[in-house]
Structure formats: structure tokens, C-alpha cells
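Colleague: Give the three-dimensional model of this entry:
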Amino acid sequence: MQIRRSGVLRPNTTQLYRQRMGSESRFGTWASEIDFIPDPVAKQRALDEFATYLNPQKVRVMRAAGLDIIEAQRSGAWVWDLDGRRFLDCFTSAGSFNVGRRNPRVVAAAHAALDRLDHGNFLLCSEQKATLAARLAQITPGDLSCTMFGTGGGEANDFAIKLARGATRRAKIVSTINGYHGHTGFALSAAGRGAFRAPFEPLMPEFVQVPFGDTEAMRDAIDEHTAAVLLEPVQGEGGIVVAPPEYLADVRAACDRAGALLILDEIQSGLGRTGKWWASEHFGVVPDIMTIAKSLGGSVVPISATVFTEELREFMIPNPFIHLSTFGGSDLACAVALEVINVIEETGLVDHAAAMGRLLFDGLHSIARDHPDVIADVRGLGLMAGVEYVEDSLGPRMSYHLSQHGVLAIYSGNQPAVMRLMPSLVIEESEVDYLLHAMESALKDLKAGEGPSESSTRTRRRPVRPAPTAS
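Modeller: Below you'll find the predicted structure:
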């Protein structure tokens, strides 16, 4: 079988993949074959225990989508299930693996850090924190030069909101419908999906949501009481919705007129994901505060960063301990994150992501033209792609069919009709072709009426919980 993309005739993608796997590239040397013994029994035991002690409904949902995977080996753009199956990871934990899974340089940096560091005493000053913060000041746009570290995106956005309120002495926060900023306190209050907020209401006061991309609605919402506007340049969980061309600039101007701050959430879209270091660069807009997480940890450590201007740091001078995080920006995590930035910069990963994104979108647009009865839209930037199907049920169904062809892809939580394709930025041309070939095959299976068997989706009997040990 041959695949034509952009007028170029390419050979079978599986053959290309077999030729390339195990070869060394500027991004690292990735595993060419499994280094574990497949164990379906151990996999089922893990799923049973997960259902018993963590979340039974997650197991049911993942099984129905063909994604009841227990990750075993992880390497580059790929992951192996404990039962031995191999998947091209196009979810990457919502964009957490930009430099690839277990990038050799990042893993080596983690080992080196473990030889001499631990997470450190959060109350003391830290060489590792200082070095990473200085590096972030070099690569972030405009006058962003000060950092507060955390452990995850929700924590980063929590501090961004706290800083905005503290610095402006205003309360109102404007965010967007279908936006996603995490599940912690302030971040959850800014969530653009009511289903996330409703079970916990009343939440924090003075939070307002307006439609994403609607300049007039945003202008109407920003007033003299507004502390900040919180936006994703590209909505991730909202279905890979790219900001209209002038939208961010208009929001920036409206904030400036009202004396409000602009917070850009680059947790999914940053660190090269869109073919530039930061998605905001596509729009020529510099925020007052930027939040970064996910791929900053290089797939091996949790870390987030809230980066802001020196002017806003003035609020911290009389309040140096107003926000603390025991494990935020640990010495270990900072050492790893520093190497992540070095890898991105020294290997030209941002430009590579842009080039692979062009190949991916050429192929997806071609497939969409061939299947207008299933695909309504293709959109995104770089390697942050969204495929919108004509109805919501097709998101979960296509997750299943893609999994049968070796691709791990998950539909958007806020927009189930949209499939997110966010592979590691180290993906190579042959692997892009592998994904496109899998998409074509999955669509063929969908139209043929194939689907999961009843035995593969029924709820299995869970193990009996052990009786408490007598004291």
C-alpha cells in the first residue's frame, strides 16, 4: 500500500517505521523492540486493582474506547501496553511529552540529579530554582522575568490568579467557555465547563466566563473591577480551538484600557507544541503572566512555573511567603526541567515540530476531503491538531478504531466530537505517515460498522477488598 501526501508518493508506513526504529537521531536513540516480557495476566490484575482501589468508571470508559492500556515500556513517540502491543502516543498526557517519552538526555539528567540532590528544603533559597528561573526569563516573551514554581498546571494557574488579585487589589477574573485551567480551587472557578464546577459550588466569587473568540463579549466583561483575563491561546480540552487572528491583541488592548492583567495559560500549547516556543508568538501578544507545566517536566518529574513581570513582583516584596509549595520547583525537578529546555533549544525541536505539523495537517486535510460525512473540520497549530467529527459519539468510537491500528488518541473532554492529536515533538516523518495511515484505516473500519465486542467492554468482576488487619 502507498500513501500520497502533498503530491509525494510514500511507501508503506509500517515498513518505514521498522527501518527507522532503533536508529539514532538528534533527539536520541529510541528503543527498537520491547525490553519486557508481555504479561496479559498482570495487565488484567492491574486493571482489576485500579477498578477496586481507584476508579472503576475510568476502567469502563477506557475499555470501551479501546484504551484500557497499562503502560509498560515508553520510548520517544511510542508506548507499549503490558500485553505487548505498541502504540504511537498521540495524547501524550495532554501534551506532557514534547521531548519524547524517556528522552535519553532528560533521563540522564534525572539520574545525575539523583546522585547528589533530593527535592530540597522549600523554605530555603535554591541554586537549582535560581538557575531554572533565569533560564525561563531568557526564553519567555517580553518582560516576563520572575517565576513562582509549583507541581502542576492547576497550581500554576492558582498562583497566577492570586498574584493578579493581590497586585491589582481587584477581584474579578474573566475566563472563557470551554477553557480549561485545572481542577484546583481558583483554577476550577475559572473552568469553562459547568460539569466540572457544579458538584462543588459555590466556588470562588467574582469569576465570569464569556465565549472564546468573541471580542465584544470580552470587552463587555472587562471593567474597572477586573483583576485579570485568563486565556489559552489554543483551547486544548475545549477541542483545539485556535484564537482568531486579532483576538488576543484585542483582549490585550482591552485589558490595558481597564488596567487589568492578561494571563496566558501555555500549559498545553507552550514549549514548542505549536511550532513556536509559545503559542502567543503566533499572535504577537505578550502577557503579564504566563503559566507553564506538563512538558517542562520532560515526562519524568512534576513541575510547573508561573512567570510574570518584575512590576508584579513588587506585590511579593512585603509578602515573600504568601504562596508556598513544599514540592513546587524541587531541586530534582528544576535540574530535569533545565535539561528539557536545553534539549528543545539544542536539537532545533521547535522548528522540527513546525515541519512535522505541516506534514500532519497536509495529510489530515486530505483525509477530511475524502471523508466529509465523518470529519467536519481539521484545525490547530504545529503538532497541536484537532479533528472534529460530525457528531459527539464519533470521538469515543474513533478512539477505539485508532487503538486497533496502533494509535493512542483521546477525544476532548469538553468537546467529545473533537479528537486531539498531540504526539511528541520528536515524531519523525515516517511516524506522521503511520498516524495518517492509521486514521484512514480507522475511518474504513468505522464505516464498515466494526466496533468493540461485548466481551471486550463488559465490566469484569472486581477482586474482593481485603479485610482490615486486626489491631
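Colleague: what about the residue nearest to Ala94 when sequence neighbours are not counted, neighbour count?
Modeller: Nearest non-adjacent residue to Ala94, counting by Cβ to Cβ, 6 or more residues apart in numbering: Gln268, 5.8 Å away. The C-beta positions use only the backbone N, C-alpha and C, and glycine is treated the same way. Gln268 has 28 neighbouring residues, counting by other Cβ atoms under 10 Å.
Colleague: Any stretches of the chain with poor pLDDT?
Modeller: Counting by pLDDT under 70, the chain has low-confidence residues at 1-25, 32, 192-193, 195, 197, 200, 203, 453-471.
Colleague: what domains does the record give for it?
Modeller: For the chain, automatic domain parsing gives the domain ranges 39-90+352-425+438-457, 105-346.
Colleague: Which among the ones you listed is found nearest to Ser96?
Modeller: Closest approach to Ser96 among the domains of the chain is made by domain 105-346 (4.1 Å; Cβ to Cβ).
Colleague: And the residue nearest to Ala94, which helix or strand is it part of?
Modeller: Secondary structure from DSSP states H and E places Gln268 outside every helix and strand.
Colleague: how near is it to Tyr180?
Modeller: Distance of Gln268 to Tyr180, given as Cβ to Cβ, to the nearest Å: 8 Å.
Colleague: cool, and Ala51?
Modeller: Distance, Ala51 to Tyr180, by Cβ to Cβ: 26 Å.
Colleague: what's the spacing between the residue nearest to Tyr411 when sequence neighbours are not counted and Lys172?
Modeller: Closest residue to Tyr411 apart from its sequence neighbours, by Cβ to Cβ, 6+ apart: Gly395 at 3.0 Å. To Lys172, Gly395 is 34 Å away according to Cβ to Cβ.
Colleague: cool, and Gln235?
Modeller: Separation of Gln235 from Lys172 (Cβ to Cβ): 21 Å.
Colleague: So for the two, which sits in the more crowded spot?
Modeller: Taking neighbours as other Cβ under 10 Å, Gln235 and Lys172 compare with Gln235 leading, 28 against 22.
Colleague: give me phi/psi at the residue nearest to the more buried one when sequence neighbours are not counted?
Modeller: Using Cβ to Cβ, 6+ apart and skipping residues adjacent in sequence, the residue nearest Gln235 is Val241, 4.1 Å away. For Val241, the backbone dihedrals (degrees, to the nearest 10) come out as phi -100, psi 120.
Colleague: Contact partners for Val241?
Modeller: Shown in contact with Val241 (Cβ atoms under 8 Å, 6 or more residues apart in numbering): 178, 212-213, 234-235, 379, 386.
Colleague: same deal with Glu310?
Modeller: By Cβ under 8 Å, 6+ apart, the residues touching Glu310 are 143, 145-146.
Colleague: sec struct for the residue nearest to Tyr411, please.
Modeller: Per DSSP: H, G, I helix; E, B strand; the rest coil, the secondary structure class of Gly395 is helix.
Colleague: Which of Ala51 and Tyr180 has more residues huddled nearby?
Modeller: Legend: neighbour count by other Cβ under 10 Å for Ala51 and Tyr180, higher for Tyr180 (28 against 20).
Colleague: What is the nearest of the contacts of Glu310 to Cys125?
Modeller: The closest of the contacts of Glu310 to Cys125 turns out to be Cys146 (Cβ to Cβ; 14.6 Å).
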